[in-house]
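> Could you look at this predicted model? Sequence included:
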Amino acid sequence: MPTSPSEPLPYDLAVVGAGPAGLAAAVTAAELGLRCVLLDGGHSTGGQYYRHPAPGLGAARPDRLHHGWSVYAGLAERLSAAERAEFRAGHQVWALERTGDGFAVHATRGPEAADRVTLRARTVLLAAGAYERQLPFPGWTLPGVVTAGGAQAMLKAGLVLPGRRIVVAGSGPLLLAAASSLVTAGADVPAVVEATNYLGYARRPGVLAAVPAKLVEGAGHGSALLRHGVRLRPRSAVVEAHGTDRVTAVTVARLDAEWRPLPGTERRIDCDALAVGHGLLPQIDLATELGADTVTGPDGAVALKVDARLRTSVPGLWSAGETNGVGGADLAIAEGELAGHAIAGALPRAALLRRRARLRSFADVMAAAHRPGPGWTGWLRPDTDVCRCEEVPVAKVREAVEELGAGDPRTVKLLTRAGMGWCQGRMCGPAVACLSGSGEPGPDRRPFGCPVPLSQLAAGSAAAAGE
Amino acid sequence: MNPSPPLDVVVVGAGVVGAACAYYAARAGLAVAVVDRGPVAGGTTGAGEGNLLVSDKEPGPELDLALLSTRLWRELAERFGPAMEYEAKGGVVVSATPDGQRALRAFAATQAAVGVDAEEVPAERLRELEPHLAPGLAGGFHYPQDAQVQPALAAAHLLREARRMGAGLITGETVTAIDRGPDGAVRGVRTDRRRLAAPAVINAAGTWGGELAALAGVHLPVLPRRGFVLVTEPLPRIVRHKVYAADYVADVASGSAALQTSAVVEGTPGGPVLIGASRERVGFDRTLSQEVLRRLAAQAAELFPVLADVAVLRAYRGFRPYLPDHLPAIGADPRVPGLHHACGHEGAGIGLAPATGLLISEQLTGKRPELDLTPFRADRFPAA
Ligand SMILES: Cc1cc2nc3c(=O)[nH]c(=O)nc-3n(C[C@H](O)[C@H](O)[C@H](O)COP(=O)(O)OP(=O)(O)OC[C@H]3O[C@@H](n4cnc5c(N)ncnc54)[C@H](O)[C@@H]3O)c2cc1C
Ligand SMILES: Cc1cc2nc3c(=O)[nH]c(=O)nc-3n(C[C@H](O)[C@H](O)[C@H](O)COP(=O)(O)OP(=O)(O)OC[C@H]3O[C@@H](n4cnc5c(N)ncnc54)[C@H](O)[C@@H]3O)c2cc1C
């Protein structure tokens, strides 16, 4: 039932996503007196960074796999102590709806997404994090090819390795983190293949120097890799994965500065798994569906546009963490705290503002360094699938652009089905945008944040009036 | 692409209607250029369903157009069928009550008189046609002439063919002015980048057709009528025809601004089931409406209970180009020599596109159009 306007809404703040950003925001806001509900599709708080095994797996000591576990433990403790904050696990939010006095937050609940829940809150903070940017290459759909973050997540959540001899490839700081987790867990990593030459960071040493913790972390990864004899191959890419039932080897080639593969530089590396990632993309569809303004970051990724206090252009909607541009767990926590203060109407400490600004500019430097170069399409073949859900090859996308009049990802999708499948273009979006010649990808627009059973749509939000 | 002058006609709009206009004009030997401010099928054509229906139309000028289009779509399908995902699947209209079935029977009888094939399906035989239909329905009618295309592909392939016949396509340029001579006649258009001289201009600007007409100084009250469609996960063929409940016909014909929904359920060659469509007049508001979602989902599950457990992956929305009397504007505008309209087809623009294109090309080449265009004249609306 719609609540009458005079009746106070049950929550002052609904936080979508219980990663570092959402967790820090909910704790901060609750301690400042707001009634908060913190929602996450997963089984516990922590998000991508502080991912840990599901209870019952019997895994010991998740802290071993993490830097800064104590920071997380502290936040988690404050959350359980905060009377005004309530954590709801297993709630996947699929739409935000503006109501006269705030928002209705629509979620599916439970392991099979069996129930529908609608919660009402005066304000919403989006802290939904990011997902991995994937760029296709011949063989990328073979079993044994996983995403770099996926490999790490598998390790953190289930403590399993995707293979024994794992090549790590792509671009971005996540590669080093993934490789060092993999070798520490006992895998053999014959090479870390990075498309850039890392020089991007060095151009802004001032920014780097200001963030000592980051450097220490990077050095930590580096020394683990050295110890295990892992080879770093800068300015190179995996241009093909080989195998029939499963990946058995990859071809690595050198790249020019635009990421074009240089002929004659190919070499083959045997492996039984490939972990590949090209950075992260902010998960912002819940906000763009409400018309929130976006910006394109230095990594070419579209993020939400926020002001100094992390307000989006939609009144009452705030955003913290990776949704504002990818920048790591420390930045996510800083932004969460900042947003918590701002939503509660409290003035943030100057030190916090400075810290956030410093971490953001570091993030921007990293992002600029790892922005994919336009030449990557050089490793595609006409029969390489761009969209794996709908099995749409490169040739079909090119035909749509060159002969059928498509000039943007949406039209390519309409004419080829690329992006119409289960993942709704999360995987092929960047590649399609690039092949459609539209340059920058537009903001994600997905009416549903995740698939919703028809019966739940049919039940309507009134069914959840008791919530 | 730069069409080489001199041009006979400029088509404004690269939706399915503009594409059909370009195709038939080029086929008639005219030198054509198509201009769109976006990509091909970037307007309502990319946001509709592709039903080519006669079943929902009462006898009258729109049904005449639809019957002509049915024939033309079949011809087009012989050349481009698979590329456009053309399917002669047929429609099934069902009624929940005996009264409803009686009304359908009377409606079908009037349609039969003008050439619509419709076969009554008694309740016990409905499941032969559609095995997953809900039990307890009173009966229905089968319309074998109803068919389906994928609208964006249809537009793109018609345009590709027009280009093979010499037409030019300019995307990403907005028409900002229509040039007229001292006699008031059309001389061409101007875009934000160039001038295209031609003695004729076709307004195929869809929901924005009113704005284009205004550039030529004439009144044409095209308004948006919003519609949502739900898209499920890919499924095996559990819905074979286009299936809808009898109240759909009343909704289509209604002039009310209020929200109307009556689920139209259909499978697609790719697997997803499409559930359309709502109708409401709310301007160009894109907000996802929970009430619309609820109604469409509930009605679809009522028709096909198996759908209750499937996942809906997305919803899309579009704005039908609507004229107050629910008929499109087609043909020469008596107020401005050289100006032709091909817009305002509301929820039937995909279906009616080939007839629209053919009739206009006949007019442009001085032939007598196959159908009387008087009911579609753009000057039928008194200026506000
Ligand atoms: C796969 C992966 C691996 C990473 N590995 C590392 C690493 O090794 N080292 C490192 O420094 N950084 C790593 N990062 C980056 C780091 O995780 C982030 O910087 C940090 O977690 C960002 O915090 P956040 O709170 O913004 O988002 P996240 O931690 O991503 O948290 C977002 C949370 O929101 C939830 N969520 C999203 N959408 C919804 C929804 N619609 N409804 C309900 N809940 C929702 C998710 O379940 C998730 O728990 C990784 C990121 C990813 C994606
Ligand atoms: C939810 C929904 C379901 C539908 N289902 C069906 C169905 O099943 N069957 C059916 O037949 N119809 C259906 N329709 C209706 C159908 O989609 C439309 O009638 C049809 O697409 C109209 O095509 P069009 O070419 O006239 O317009 P559009 O496709 O909108 O094309 C007009 C073009 O003109 C361009 N334009 C406008 N102004 C300018 C300018 N100044 N300069 C340059 N370019 C300009 C636009 O960019 C646009 O591309 C549905 C519609 C909706 C919304």
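Everything's here; your move. Ligands and ions are numbered 1, 2, ... in the order given.
> From here on, just use CA atoms for contacts and neighbour counts.
Fine.
> Show me which residues of the stretch 151-300 of chain A are close to ligand 2?
The stretch 151-300 of chain A comes close to ligand 2 at no residue, as judged by CA under 6 Å from any ligand atom.
> quick one, helices of the stretch 151-300 of chain A?
Assigned by DSSP state H, counting those that start in this stretch, the helices in the stretch 151-300 of chain A fall at A:173-184, A:199-202, A:205-209, A:212-227, A:285-288.
> Mean pLDDT lowest where, among the ones you listed?
Mean pLDDT is lowest for helix A:199-202 among those, at a mean of 52.
> Low-confidence ranges, chain B, go.
Across chain B, residues meeting the criterion (pLDDT under 70) sit at B:1-4, B:248-258, B:384.
> check whether the biggest helix by length in it contacts ligand 2.
Longest helix in chain B, counting residues (DSSP state H): helix B:61-80. No: on the criterion CA under 6 Å from any ligand atom, helix B:61-80 is out of touch with ligand 2, staying 9.4 Å away.
> ok, the helix or strand just after that helix: who's next to it in the sheet?
Downstream of helix B:61-80, the next assigned helix or strand under DSSP states H and E is strand B:91-95. Using DSSP bridges, the strands paired with strand B:91-95 are strand B:139-143 (antiparallel), strand B:242-245 (parallel).
> Adding mean neighbour count, write the ones you listed out as TSV.
Compiled in TSV, the strands paired with strand B:91-95 are given as follows (neighbours: other CA atoms under 10 Å in any protein chain shown):
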stretch	mean neighbour count
strand B:139-143	24
strand B:242-245	24
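> For ligand 2, find the nearest of the ones you listed.
Nearest to ligand 2, of all these, is strand B:242-245, at 9.7 Å by CA to the nearest ligand atom.
> Any part of that closest one near ligand 2?
No: judged by CA under 6 Å from any ligand atom, strand B:242-245 and ligand 2 are separated, with a smallest distance of 9.7 Å.
> May I have that strand as CSV, with CA atoms only?
The C-alpha coordinates for strand B:242-245 follow below in CSV (Å, rounded to 0.1, in the frame of the first residue of the first chain):
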residue,chain,number,x,y,z
LYS,B,242,0.8,-13.6,-31.5
VAL,B,243,-1.7,-14.0,-28.7
TYR,B,244,-3.8,-11.4,-27.1
ALA,B,245,-7.0,-10.9,-25.2
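> what sits up against it?
Residues from elsewhere that reach strand B:242-245 (CA atoms under 8 Å, 6 or more residues apart in numbering or on different chains): B:89-96, B:262-267, B:303.
> and if we set it to 10 Å?
For strand B:242-245, the external contacting residues (CA atoms under 10 Å, 6 or more residues apart in numbering or on different chains) are B:51, B:53, B:56, B:89-96, B:100, B:130, B:133, B:140, B:142-143, B:146-148, B:262-268, B:274-276, B:299-300, B:303-304.
> can the longest strand along chain A be found next to ligand 1?
If each strand of chain A is counted by residues according to DSSP state E, the longest one is strand A:115-126. No: Strand A:115-126 does not reach ligand 1 (CA under 6 Å from any ligand atom); its nearest approach is 8.4 Å.
> which is the next helix or strand following that strand?
strand A:130-132.
> Provide the strand pairings for the helix or strand following that next one, with the direction of each partner.
Per DSSP H and E, strand A:130-132 leads on to strand A:145-147 as the next helix or strand towards the C-terminus. Counting by DSSP bridges, the strands paired with strand A:145-147 are strand A:273-277 (parallel).
> For the partner strand, C-alpha coordinates in PDB please.
Extracted in PDB, the C-alpha atoms of strand A:273-277 (Å, rounded to 0.1, in the frame of the first residue of the first chain):
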ATOM      1  CA  ALA A 273      43.900 -21.500 -17.500                       C
ATOM      2  CA  LEU A 274      43.900 -17.800 -18.400                       C
ATOM      3  CA  ALA A 275      42.700 -15.100 -16.100                       C
ATOM      4  CA  VAL A 276      42.100 -11.900 -18.100                       C
ATOM      5  CA  GLY A 277      40.700  -8.500 -17.200                       C
END
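> could you check the angle helix A:173-184 makes with that strand?
With axes from the mean of the first three to the mean of the last three CA atoms, to 10 degrees applied, the angle from strand A:273-277 to helix A:173-184 works out at 150 degrees.
> so what are the domain limits for the chain?
Looking at chain A here, since you left the chain open. Domain segmentation of chain A under automatic domain parsing yields A:11-130+A:281-368, A:134-278, A:376-467.
> other chain: chain B
B:9-48+B:151-221+B:325-380, B:91-144, B:223-322.
> which bits of the stretch 101-250 of chain B sit near ligand 2?
Residues of the stretch 101-250 of chain B lying near ligand 2 (CA under 6 Å from any ligand atom): B:174-176, B:204-208, B:212, B:226-229.
> Which two among these are spaced furthest apart?
For these, the farthest-apart pair by CA to CA is B:Thr176 and B:Val229; their separation is 31.9 Å.
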